[in-house]
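Novice: take this sequence and fold it.
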Amino acid sequence: MSLDWIYWAISWILLFWHSAWDRIGVPSREVLGTNWSWILAIVFLVVTVRVVLFPVFVKQIKSQRAMQALQPKVKELQEKHKGDRETLQKEMMELYRVEKANPLMGCLPMFLQIPVFLGLFHILRRLNPEQTVNVDLYGWTAEQYYDASRANLFTAPIAGKFGSTAEELAAMGANGTTVKVIAGILVLVMIVTTYLTSRQMILKTGWAEDPQQKMIQRLMLYGIPASLLVSGAIFPIGVIIYWVVNNLVTLGQQQWVLRKFPPPPMPAGKGKPADRSGTRSSTRPAAGSARTAAATTDTRPKPGGIFARKANGAKAEPEPQPAPVNEALKPKPGAKPVNPKKRRPAKRPG
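Specialist: Coordinates of the predicted model:
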C-alpha cells in the first residue's frame, strides 16, 4: 500500500503553516541560529493533528472509564477461573463485548499518529542541501526545499540526527558536536515527556486488574521510553521536535479532560465504606454536646451564685440553695399522693 497520500498531506500542512508565519512576519532568516518559521510549522503540525484527533482522545478517556468500572467483574472472573488462563481470556473478551469496552482503545490516539510521524520522518530524510534543481518533494517549490534543507535549531539542522555520519554533516554544513548536543538533549526531553504522559494517566486511573490491560500500561510507561533511548539516535531533529511538542500538548489535554471527566472515586479501605457525598467523616462532637459538656465542667462563679459578692467587695454568706427536686417523683395532676418510699397511698391523719 502506497503512503504517498500521507506524505502529500504532511507536506501540505507544513507548507501551509510555513507560509502563514511568513505572511505574519516571522523572519525566514536565522535568529539565534534558528529558522523560527520552520520550527513553528512543525509545532503547528502537532496542533493541527491533535485538533483533528481530539474526539478520538475523548473516546479514549471514556473507554478507560468503562474499563475502570469493569474492574470488580474482572477480579471476580480472575478468582473464578484462577489457573485456567484460556477460559479466563474467553470470559473477559465476552465481558468486554457485552459491556462494549475496548482495552486497546487507550493506545488508539498513539497508533493514529504513527502515519504522521512516519510521514514527517520520510520528508525530513529527503532534505538534501546539495540538491537545488529537479526537486521532487510532494509539491514543494525549489525555494521552499532550499530553505527547509538549511533550516536550523540553534545551528543544528532539523534534518540532522544524533547518529548522522561525517559525510551527512559535511553536506549540511553542520558542526558534529553541536548536532549531537542538541539532538541528545531533545532525545532526553522526549523520553522524559513520553514517560510523564503515561504516568499522568495511570496516576489518575490506577493500574488495571486485567493482565492484558496491565501489560499495555507497563509497555506505555516503561517500554516505549526505554526504546526511545536507542531509536532516538536515528530520528531527525525535526521529528524529535514534533514528538516533544506532541507530548507537551498531550499532558495539557489529559489534564483538562481528566478534570472535566474525573475518574470514579477509588474504593475505600477494608472496613471503611466510601462516603458517597464525597466529604470526610468527622470525629468531632456536635455543637450541642460540646456546649453541654462545657456547661457541666465550668466551675467559674456565676452572678447571683453562692460566691456572689456584696457591693462593697466583701464576700457574701452562701445563700441557701433549694434541694433538687426529682422530677420522676412529682405527682401527676389529678393523681393521689404517693409515699415515695413505700409506693402506696399515704395514711390520712386520724
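Novice: going forward, measure contacts and count neighbours with C-alpha atoms only.
Specialist: OK.
Novice: the helices in this protein, which residues?
Specialist: Using DSSP state H, the helices found in the chain span residues 4-24, 36-69, 71-80, 85-99, 108-125, 142-149, 166-172, 176-205, 211-218, 224-231, 237-260, 287-297.
Novice: of those helices, which is nearest residue 158?
Specialist: If you check each of the helices of the chain against residue 158 by C-alpha to C-alpha, helix 237-260 wins as the nearest, at 4.6 Å.
Novice: contacts for the closest one?
Specialist: With contact meaning C-alpha atoms under 8 Å, 6 or more residues apart in numbering, helix 237-260 is reached by 39, 42-43, 45-47, 50, 58, 61, 117, 120-121, 124, 157-161, 183, 186-187, 189-190, 193-194, 196-197, 200-201, 204, 232.
Novice: please report how far the nearest residue to residue 191 once chain neighbours are set aside lies from residue 63.
Specialist: Among residues not flanking residue 191 along the chain, residue 225 sits closest, at 5.0 Å (C-alpha to C-alpha, 6 or more residues apart in numbering). According to C-alpha to C-alpha, to the nearest Å, residue 225 and residue 63 sit 24 Å apart.
Novice: of the two, who's got more company?
Specialist: residue 225 (22 against 19; other C-alpha atoms under 10 Å).
Novice: OK, contacts around the closest residue in space to residue 232 that isn't next to it in sequence?
Specialist: Nearest residue to residue 232 in three dimensions, chain neighbours excluded: residue 187, at 5.8 Å (C-alpha to C-alpha, 6+ apart). Contact analysis of residue 187 by C-alpha under 8 Å, 6+ apart lists 228-229, 232-233, 240.
Novice: list buried residues within those residues.
Specialist: Among the contacts of residue 187, those buried by neighbour count (16 or more other C-alpha atoms under 10 Å) are 228, 232-233, 240.
Novice: what's the burial count for the nearest residue to residue 113 once chain neighbours are set aside?
Specialist: Distance criterion C-alpha to C-alpha, 6+ apart; nearest residue to residue 113, sequence neighbours excluded, is residue 49 at 7.9 Å. Residues near residue 49, counting by other C-alpha under 10 Å, number 16.
Novice: can we start the residue count at 38 from this point?
Specialist: In the new numbering, first residue 38, that becomes residue 86.
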